[in-house]
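**Student:** Starting from these lines, generate the structure:
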Amino acid sequence: MDEDEAMRIVIERAGLDGKVDLQSATPTMHMHTATRRRERPLNLVIVLEESLGAEFVGSLGGKELTPNFDSLADEGIWFERLYATGTRSVRGLEAILSGFPPTNKRSVVKLAETQKDFFTIANVLEEQNYKTSFIYGGSAHFDNMRRFFMNNGFQTVIDQKDFDNPEFVATWGVSDEDLFRKAHEYLSAMGDQPFFSLVFSSSNHKPFEIPSGKVATREGPDAPREMAVNYADYALGRYLELARASNYWDNTVFLVVSDHNSRVKGAELIPVERFHVPGAILGGGIEPRRVPGITSQVDLLPTVLSLMGVDARIPAVGADMTRPEYYQGSGRAQMQYHDIQGWMVPGRVVIMRRSLPMQTYLYEPGRSLRPDPVPDEALQREALAHSIWPVIMIREKAYRPATR
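**Tutor:** Take a look at the predicted model:
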């Protein structure tokens, strides 16, 4: 497939026909017009939950370990079939902050070509006079986060060295309770200043070190992991209590979402179920509803911009879930698993492996992949186009902010 055809397919799938200039240096740049009109655009807090797969979330058919996250299903926009783009935090960050799909390269957070002038929601909001921050309980240098963030729209980074007298310190940094207390203090001091903050948890990470006495003791080989999940949820619930009583709750959109699952493995070429993660958007007068269909992490960026009431020129091609045509979901998800890429639509998954023919499989949640006896050639071309497009954008430095 030539690159021009790949670009045309991606633009058509994104509903951007006639809205972009294919001959420009930024061929997917377009005007995102928010579907929610606000007297003043709202703030944004993204709470990124470490390693939280759907298998641990009762409302998604998993273990009953996350009552606080589960409660959000009736409080905001709840995604019933949200899929991560990869198996590492940097993949989740790339998708959620930039709306960028996975490639067989390293994540853009670590890639040399994307360390400056790469599009993120932070540089969109910085241009609109928001204060932008990243708050993390560990070292922000991990996975090159500090460098990528500070070069691409984040003005402030708060990490472990900035916590005074934390109550509990583990291998990965201060506890999630310490993290959320710090975030709440910082955001409460913003007053009328518009802000965006990414708050990234770490307690639910091997070796699963958590404060004692916070959650019930569990038995069995998975006890440490399950207690860490339960504690991370406990800390999230405590934070949401503080936020609801704060001076910023009513004028802030909260996105609570996982970066990836903790155990992505299996006999399948792509273990699709292990990419299923929880996600919810609440606050800011958002009316509760459920999105039942397939949705990707790349769809979250345009969705929160609309809910905030922010208009902006963006190169992202994710679907805005506030638009009626996407109320049921975007209808596709892209996943990277080692050197294998998957493209999922309702009932089917296209598998792409380097130097091998594409294969299409029938798929239903909870069942194994089964070879499709009549592969859809158009679907395979769509899958291939979406695997080619992000590589082009990186090579041509075409995925950059509108002002650069």
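
**Student:** okay, CA-based contacts and neighbour counts for the rest of this
**Tutor:** Noted.

**Student:** Pull the residues that contact stretch 163-172.
**Tutor:** Residues from elsewhere that reach stretch 163-172, judged by CA atoms under 8 Å, 6 or more residues apart in numbering: 137-139, 174-175, 178, 182, 202-203, 205, 207, 209-211.

**Student:** again, only this time at 10 Å
**Tutor:** 136-139, 160, 173-179, 181-182, 201-212 (CA atoms under 10 Å, 6 or more residues apart in numbering).

**Student:** One more: stretch 6-21?
**Tutor:** The contact list for stretch 6-21 (CA under 10 Å, 6+ apart) reads 3, 5, 22, 26-31, 315-320, 330, 332, 381-390, 392-393.

**Student:** thinking again about what came up before, of the contacts of stretch 163-172, just the buried ones, PyMOL syntax please.
**Tutor:** A single PyMOL command selects the buried members of the contacts of stretch 163-172 (16 or more other CA atoms under 10 Å):
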select buried, resi 136+137+138+139+160+173+174+175+176+177+178+179+181+182+201+202+203+204+205+208+209+210+211
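
**Student:** so of the contacts of stretch 163-172, which ones are in strands?
**Tutor:** Taking DSSP state E as the definition of strands, the contacts of stretch 163-172 contribute Tyr136, Gly173, Val174.

**Student:** Please identify the one among these that lies nearest to Glu126.
**Tutor:** Nearest to Glu126 among the ones in strands among the contacts of stretch 163-172, counting by CA to CA, is Tyr136 at 19.7 Å.

**Student:** The closest one: what's it in contact with?
**Tutor:** Residues near Tyr136 by CA under 10 Å, 6+ apart: 48, 157-160, 162-163, 173-174, 176, 179-180, 182-183, 198-202.

**Student:** For Arg395, which non-adjacent residue is closest in space?
**Tutor:** Nearest residue to Arg395, sequence neighbours excluded (CA to CA, 6 or more residues apart in numbering): Glu113, at 7.8 Å.

**Student:** my read: that neighbour touches Val391, true?
**Tutor:** No: distance between Glu113 and Val391: 11.2 Å, which falls outside the contact criterion (CA atoms under 10 Å).

**Student:** Which neighbours do those two have in common?
**Tutor:** Residues touching both Glu113 and Val391 (CA under 10 Å, 6+ apart): Lys397.

**Student:** who are the neighbours in contact with Leu44?
**Tutor:** Leu44 makes contact with 125, 130, 132, 194-198, 251-255, 283-284, 304-305, 307-308, according to CA under 10 Å, 6+ apart.

**Student:** Could you tell me whether it really is in a helix?
**Tutor:** No: under DSSP: H, G, I helix; E, B strand; the rest coil, Leu44 falls outside any helix and is assigned strand.

**Student:** I'd like to know how far it sits from Ser258.
**Tutor:** Noted for Leu44: a distance of 16 Å to Ser258, by CA to CA, to the nearest Å.

**Student:** Could you pull out the buried residues of the strand or helix carrying Ala6?
**Tutor:** Secondary structure from DSSP states H and E places Ala6 in helix 3-13. Within helix 3-13, the residues scored as buried using 16+ other CA under 10 Å are Ala6, Met7, Arg8, Ile9, Val10, Ile11, Arg13.

**Student:** how far is that helix from where the chain is centred?
**Tutor:** Remark: helix 3-13 is offset 24 Å from the chain centroid, using CA atoms, centre = their mean, to the nearest Å.

**Student:** Return that helix as PDB; C-alpha atoms alone will do.
**Tutor:** Taking Å, rounded to 0.1, in the frame of the first residue of the first chain, the C-alpha atoms of helix 3-13 are listed here in PDB:
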ATOM      1  CA  GLU A   3       1.500   6.200   1.700                       C
ATOM      2  CA  ASP A   4      -1.000   8.400  -0.100                       C
ATOM      3  CA  GLU A   5      -3.600   5.700   0.000                       C
ATOM      4  CA  ALA A   6      -2.900   5.000   3.600                       C
ATOM      5  CA  MET A   7      -3.400   8.600   4.500                       C
ATOM      6  CA  ARG A   8      -6.700   8.800   2.600                       C
ATOM      7  CA  ILE A   9      -8.000   5.700   4.300                       C
ATOM      8  CA  VAL A  10      -7.100   7.100   7.800                       C
ATOM      9  CA  ILE A  11      -8.700  10.500   7.000                       C
ATOM     10  CA  GLU A  12     -11.900   8.900   5.700                       C
ATOM     11  CA  ARG A  13     -12.200   6.600   8.700                       C
END
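
**Student:** Please work out the average pLDDT along stretch 380-393.
**Tutor:** Averaged across stretch 380-393, pLDDT comes to 98.

**Student:** sorry, back to before: so which elements touch the helix or strand just after the helix holding Ala6?
**Tutor:** Using DSSP H and E, the next helix or strand after helix 3-13 towards the C-terminus is strand 30-32. When contacts are defined as 3 or more CA pairs under 10 Å, 6 or more residues apart in numbering; DSSP states H and E, strand 30-32 sits against helix 300-308, strand 312-314.

**Student:** In a markdown table: those, plus mean pLDDT, mean neighbour count and distance to Arg353.
**Tutor:** Output for these, formatted as a markdown table (pLDDT from 0 to 100; neighbours: other CA atoms under 10 Å; distance: least, CA to CA, whole Å):
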| stretch | mean pLDDT | mean neighbour count | distance to Arg353 |
| --- | --- | --- | --- |
| helix 300-308 | 98 | 25 | 27 |
| strand 312-314 | 98 | 20 | 30 |
